[in-house]
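Participant: need a 3D model of the following:
(chains A and B)
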Amino acid sequence: MSDTSIDRVAKATPPSVAAKIRGLSDRAIAWIFVLPTIFLLLAVNIFPLIWTINLSFTNFRANRPNREVDYIGLRNYERILTDEDIWLTMQATAHFLFWTILLQVLIGFTLAWLINRKFKGNDLWTTLIVLPMMLSPAVVGNFWTFLYQPQIGLFNYGISFLTGIDPSSFQMIGDVKLAPWSIVIVDTWMWTPFVMLICLAGLRSIPDYIYEAAEIDRASQWRQFWTITIPMVLPFLMLAVLFRGIENFKMFDLVVQLTGGGPGSVTELTSINLKREAFEKWRTGYASAYAIILFVTVFGLASIYVKALNKVKER
Amino acid sequence: MSEVRLSNLSKAFGDTVAVDDVSMTIPNGAFVTLLGPTGAGKTTILRLISGLEQPDGGDVFIGGRSVADETPAQRNVAMVFQQYSLYPHMSVRENLAFPLRSPLLKTPAEEIEHKVSEVAKVLRISHKLNNKATELSGGEMQRVSIGRALVRDPTIYLMDEPLSSLDAKLRSDLRVELKRIQENLGATLLYVTHDQIEAMTMSTHVGVLDNGKLVQFGTPREIYENPVNLYVAGRLGQPRINVLPAEMFAGAPAGATKIGLRPEHIQQGEGKGSTVKRIEHLGDQIRLHLTLEGHNVVTLSDPHAGLEPGDTVAIQPRNPLFFDASGIRIT
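Facilitator: A predicted model of the protein is given here:
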């Protein structure tokens, strides 16, 4: 058997001190270090997941712990998938996801592209642009309710300044048509800098000499952009979309603070809806099934997406 | 293809003068090699001609017209970069086709395909056409980068040490191939190297650079046989020219302080006695390391001369080169 360097180090290492003191083998010590993490993982992640799957087949209610629990098979799943209100919630979530990602990618990439032009003070601009994402989402949600205020809100005032509409003539949060857009605007304001940073990393990863070669090969700026910049930034861009997609699928704090899901339930995203079912209506079994459905959806979509991402990277 | 003329070209980066008042004419159809050590300004001259750098002074003329205000695309030059500069996200085929797909050219698809496969065949990368540019060895990348220049029909080919990272066999093969392509196309080619064999074997003209200055420009023979100074004499020739004090031998002209002896300037069998220190066998020749009055001399000899270390060999100069105290050639 050949000695690997690890073997040689192991041989050179004196017998473990712990063994002399307590009679423990190295392997036992290794287990002692790893066990707390394994225990935590089981207790906080794996057990709840299995327990949730179990509960999703029951009519258990957490506020009536002493009531007898019946196993009702797939009834919860059936009810959820045929519930029109839940489909409306899904639609609201899809609307929110689509527009936030689209706007954040477009604006984020444009900003990154502008910042990447070497000009004086671009570091300062980067810092300023990145500020919103350093705030707490709950705080952002809260102070945007003031910005959206029809009488004193800066947002309404700004729109009125630009278009001449009376600032108190529209309510971003109160209007059924405008409310879905109000959450899109705030999320875009907050998270565009994140997409910008990732795009900037992508743009900076393209070496100058590639553009020099393209220049010599007589490619116009336009052609360089589409045949070099975009393809080489694409993996980064897709990563940003993945992050934002997963984050926004779970969106809760910002929207709860901003609209609370209203008016009616037009901004009630799935995670808010789920929280209502689980901890306001206390339909624990039903909410468990709901959670499993969401989990499978996100997991499935993310898997497909990661596969596509890897394909792009391999190209 | 066009004649390219540099007129009093200068370029500095901060305090470093990279190119210092260089003037030269690259005749149409010529294979011109710029020879010099690292930092002599070879690459900067290529970049100034291509338009990737703007000169501080002087001008570049391509086909008789000043290109001072033209972009690299307008100048229509092809360039092989030292660091390959392939497009990493494209296949070898796409890399080679990229210059042909320029909207300025409007090359039909069949012609692109034809040219790409032709160039790939010459450079022996046909089997790698569908590989990604990053899935190649260093030598293959360099060949793709040469190919990307060769598919074009530019005013001049600029090549920055294109053979430097190839192995010895491929390098000598491609040297011949590149020379053949250049002659067939009648292409004007400016070639940068620090390899004297490339300079001697391929070029019609050689320019020797020292610290940004063009020291001598001429045919390889001229540069080899009539170097203007010690620096140029030292850049060409294997083994390197031996430099000894002029007074060691009789017959030095007035003002000469150094005598330069190439192997062909050393006549063996007569003159001063020198001791053999070491013998290197090259096959058809041997390289003799001698000491003559405390000075090292390296020359070539016949492998059948039966010499051994410790033997004494009489040597004397034959039509040597003389240089004055500042290194300038005296004739």
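Participant: can you list the domain ranges for chain A.
Facilitator: If the domains of chain A are taken from automatic domain parsing, they occupy A:5-55, A:80-314, with pieces of a single domain joined by a plus sign.
Participant: helix or strand: which one has residue B:104?
Facilitator: Take DSSP states H and E as the rule and residue B:104 turns out to sit in neither a helix nor a strand.
Participant: that one and residue A:218 touch, don't they?
Facilitator: Yes. With contact defined as CB atoms under 8 Å, residue B:104 counts as touching residue A:218 (5.5 Å). Where you see a C-beta, it was placed from the backbone N, CA and C, and this is true even at glycine.
Participant: residue B:61 looks like it's in a strand, true?
Facilitator: Yes. Residue state for residue B:61 (DSSP: H, G, I helix; E, B strand; the rest coil) corresponds to a strand.
Participant: give me the beta-bridge partners of it?
Facilitator: Using DSSP bridges, the beta-bridge partners of residue B:61 come out as residue B:5, residue B:66.
Participant: how near is it to residue B:27?
Facilitator: When distances are taken as CB to CB, to the nearest Å, residue B:61 and residue B:27 turn out to be 13 Å apart.
Participant: between the two, who's got more neighbours?
Facilitator: More neighbours sit around residue B:61 than around the other of residue B:61 and residue B:27, counting by other CB atoms under 10 Å in any protein chain shown; the figures are 16 against 13.
Participant: element containing the residue nearest to residue A:79 when sequence neighbours are not counted, please.
Facilitator: In space, residue A:79 comes closest to residue A:286 once its chain neighbours are excluded; the distance is 7.0 Å by CB to CB, 6 or more residues apart in numbering or on different chains. Counting by DSSP H and E, the element that carries residue A:286 is helix A:284-314.
Participant: quick one: buried residues of that helix?
Facilitator: When neighbours are counted by 16 or more other CB atoms under 10 Å in any protein chain shown, the buried residues of helix A:284-314 are found to be A:284-294, A:309.
Participant: wait, is residue A:111 part of a helix?
Facilitator: Yes. Using three-state DSSP, the assignment for residue A:111 is a helix.
Participant: quick one, what contacts it?
Facilitator: A:129, A:192-193, A:196, A:199 (CB atoms under 8 Å, 6 or more residues apart in numbering or on different chains).
Participant: can you report how many residues lie near the residue nearest to residue B:68 when sequence neighbours are not counted?
Facilitator: By the measure of CB to CB, 6+ apart, the closest residue to residue B:68 outside its immediate chain neighbours is residue B:59, 5.5 Å from it. In terms of burial, residue B:59 registers 14 neighbours under the definition other CB under 10 Å.
Participant: one more: residue B:169?
Facilitator: Around residue B:169 there are 8 other residues, counting by other CB under 10 Å.
Participant: got a markdown table for the contacts of residue A:111, with secondary structure, pLDDT and distance to chain B too?
Facilitator: Below are the contacts of residue A:111 laid out as a markdown table (DSSP: H, G, I helix; E, B strand; the rest coil; pLDDT from 0 to 100; distance: CB to the nearest CB, whole Å):
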| residue | secondary structure | pLDDT | distance to chain B |
| --- | --- | --- | --- |
| A:129 | helix | 90 | 28 |
| A:192 | helix | 95 | 26 |
| A:193 | helix | 95 | 26 |
| A:196 | helix | 95 | 22 |
| A:199 | helix | 95 | 16 |
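Participant: which residue, other than its chain neighbours, is closest to residue A:72?
Facilitator: If you skip the residues right next to it in sequence, residue A:72 has residue A:59 as its closest partner in space, 5.4 Å away by CB to CB, 6+ apart.
Participant: for that neighbour, what are phi and psi?
Facilitator: Summarising the backbone geometry of residue A:59 under the convention degrees, to the nearest 10, its torsions are phi -110, psi 30.
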